[in-house]
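Participant: Got a predicted structure plus its sequence, pasted below:
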Amino acid sequence: MEKGPEIWFNGRFYEGDPPVGGLFYHGLHYGTAAWEGIRRIGNNLLKLSNHVARLNFGSDSLGIGWPFKEDDFSQVILETARRNPECDYLRPVVGWGPGRDIYRSVGVLPKESVPFFAVLPQKFGSYLGEEAEALGVDVFVSSYKSVPPSSLPNERKLAGGYLNRFLAKMEAHRGGYREALMLCDLPDGREVVSEGTGENIFMEQEDGVLFTPTKDAGILPGITRETIIKELAPDLGIKIEERDFTLNELKKAKGAFFTGTAVGVGPIRSVNYRFLGSVNEAIFWKGPKTETIRKVKNTYEDACAGKIPKYEHWLTAIPSEEVEELEQLAQVLN
């Protein structure tokens, strides 16, 4: 029988699913959990400290304080990665669990619930599929829209915020598409492009300028998005503007791409089967269709692979030996 992954849960490691009463978890009923997705590339984790900081930020919005430091949780994630060398994706999760009396604990406000902390290793592989990565992804414009920031704290990665994304993704798959594109209604009445179900989006105009939606468009401002805006684009001499744009503008764009921890930099080939840019390029050219997008994608991937010294701070090495400080953390949580 194949050995299951080693999962860290509330201070201890378990092979396979830990023994928990999950059906009474508040997070299961109300989406009251925060989570992150962290890529493993070779023997490194990508942007570990950024993900842990955002996880803490999301936990705080749920009223869950951490009884340990962010660096302590980073060590847990690194140890989980060390114990699961076959897994290329780590998902730390913090949320509200069951109440001390589970039969009285399920209500909108988690009055008697206790928080849980976990790190789940996964074999993720290609997020949108190898064909989409090679040729560009065909996206479907969903009838489900992003929630504006006045209704949901989108800058936090919360489980409950993914319901409409799930519905959009399911709608796209039923239509034969790999991914959905979501729109958002702004307070001024304009309908603008928001993001994919798990990715931010960038659009390239004819003059080579990149545009990406603002936070007003209901986006989750991703770590990869921020990396491109603040580091890669300036270093490559590429101009980027945070500006909301319409679906019609996107369809007329020279090119576009998704960004995210799972997808990396993923070129978009078509929107509702309308090819972006040159039709001949869209059909016959493998990978990014423009010089600007090729430059962003190739540089990002080289940086993630540790080939560019300037960006080595993105990577945190997975230790070769067991992290000894974890026993103290187990005592804090139990």
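Facilitator: Arrived safely. Numbering: from 1, shown residues only.

Participant: Student question: in the protein, what's the helix or strand with minimum average pLDDT?
Facilitator: helix 279-284 (a mean of 49; mean pLDDT, DSSP states H and E).

Participant: who are the neighbours in contact with V93?
Facilitator: For V93, the contacting residues are 33-35, 116-120, taking Cβ atoms under 8 Å, 6 or more residues apart in numbering as the criterion. C-beta coordinates here come from the backbone N, C-alpha and C atoms, glycine included.

Participant: For the residues you listed, could you give me a markdown table that also reports distance to L46, pLDDT and secondary structure?
Facilitator: What follows is these, written out as a markdown table (distance: Cβ to Cβ, whole Å; pLDDT from 0 to 100; DSSP: H, G, I helix; E, B strand; the rest coil):
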| residue | distance to L46 | pLDDT | secondary structure |
| --- | --- | --- | --- |
| A33 | 22 | 97 | strand |
| A34 | 19 | 98 | strand |
| W35 | 16 | 98 | strand |
| F116 | 25 | 95 | strand |
| F117 | 21 | 96 | strand |
| A118 | 20 | 96 | strand |
| V119 | 15 | 97 | strand |
| L120 | 17 | 96 | strand |
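
Participant: from those, which is closest to E155?
Facilitator: A34 (11.6 Å; Cβ to Cβ).

Participant: Could you measure from that closest one over to K252?
Facilitator: Distance of A34 to K252, given as Cβ to Cβ, to the nearest Å: 38 Å.

Participant: which of the two has more neighbours?
Facilitator: More crowded of A34 and K252, by other Cβ atoms under 10 Å: A34, with 25 against 15.

Participant: burial count for R294?
Facilitator: Applying other Cβ under 10 Å, we find 16 other residues in the vicinity of R294.

Participant: my hunch is that it is in a strand, does that hold up?
Facilitator: No. In this structure, R294 is helix, not part of a strand, as judged by DSSP: H, G, I helix; E, B strand; the rest coil.

Participant: Return the distance of L181 relative to G264.
Facilitator: Applying Cβ to Cβ, the value for L181 to G264 is 18 Å.

Participant: More neighbours: the two, which one.
Facilitator: Between L181 and G264, counted using other Cβ under 10 Å, the more crowded position is L181 (26 against 21).

Participant: tell me which element the nearest residue to D88 once chain neighbours are set aside falls in.
Facilitator: Leaving aside its chain neighbours, D88 sits nearest to R40 (4.7 Å; criterion: Cβ to Cβ, 6 or more residues apart in numbering). Here R40, judged by DSSP states H and E, is contained in strand 38-41.

Participant: Quick check: buried residues in that strand?
Facilitator: Neighbour-count burial for strand 38-41, with 16 or more other Cβ atoms under 10 Å as criterion, is recorded at 38-40.

Participant: just stretch 22-37 next, same as before
Facilitator: Applying a neighbour-count criterion of 16+ other Cβ under 10 Å, one finds 24-28, 30-37 buried in stretch 22-37.

Participant: Bridged to the residue nearest to D88, which residues?
Facilitator: Beta-bridge partners recorded for R40 (DSSP bridges): L45.

Participant: hang on, isn't it packed against C87?
Facilitator: Yes. With contact defined as Cβ atoms under 8 Å, R40 reaches C87; the gap is 6.8 Å.

Participant: Find the residues that touch each one of the two.
Facilitator: Jointly contacting R40 and C87 under the rule Cβ under 8 Å, 6+ apart are A81.

Participant: Would you list the strands that the helix or strand hosting F202 pairs with, along with their directions?
Facilitator: With elements delineated by DSSP H and E, F202 resides in strand 200-204, which encompasses its position. Using DSSP bridges, the neighbouring strands of strand 200-204 in the sheet come out as strand 210-212 (antiparallel), strand 255-260 (antiparallel).

Participant: any idea which of the ones you listed is most buried?
Facilitator: When those are scored by mean count of other Cβ atoms under 10 Å, the highest mean neighbour count falls to strand 255-260 (a mean of 28).

Participant: Report all helices and strands that the very next helix or strand once past it contacts.
Facilitator: Where DSSP H and E defines the elements, the next helix or strand beyond strand 255-260 is strand 264-271. The elements that strand 264-271 packs onto, with contact taken as 3 or more Cβ pairs under 8 Å, 6 or more residues apart in numbering; DSSP states H and E, are helix 130-135, strand 137-141, helix 247-251, strand 255-260, helix 291-304.

Participant: for the stretch 51-200 of the chain, which spans come out with low pLDDT?
Facilitator: Low-confidence regions of the stretch 51-200 of the chain, defined by pLDDT under 70, span residues 102-105.

Participant: quick one: E204 and G237, what's the gap?
Facilitator: Here the criterion is Cβ to Cβ. By it, E204 lies 14 Å from G237.

Participant: again with A134
Facilitator: When Cβ to Cβ is the yardstick, A134 and G237 sit 27 Å from each other.
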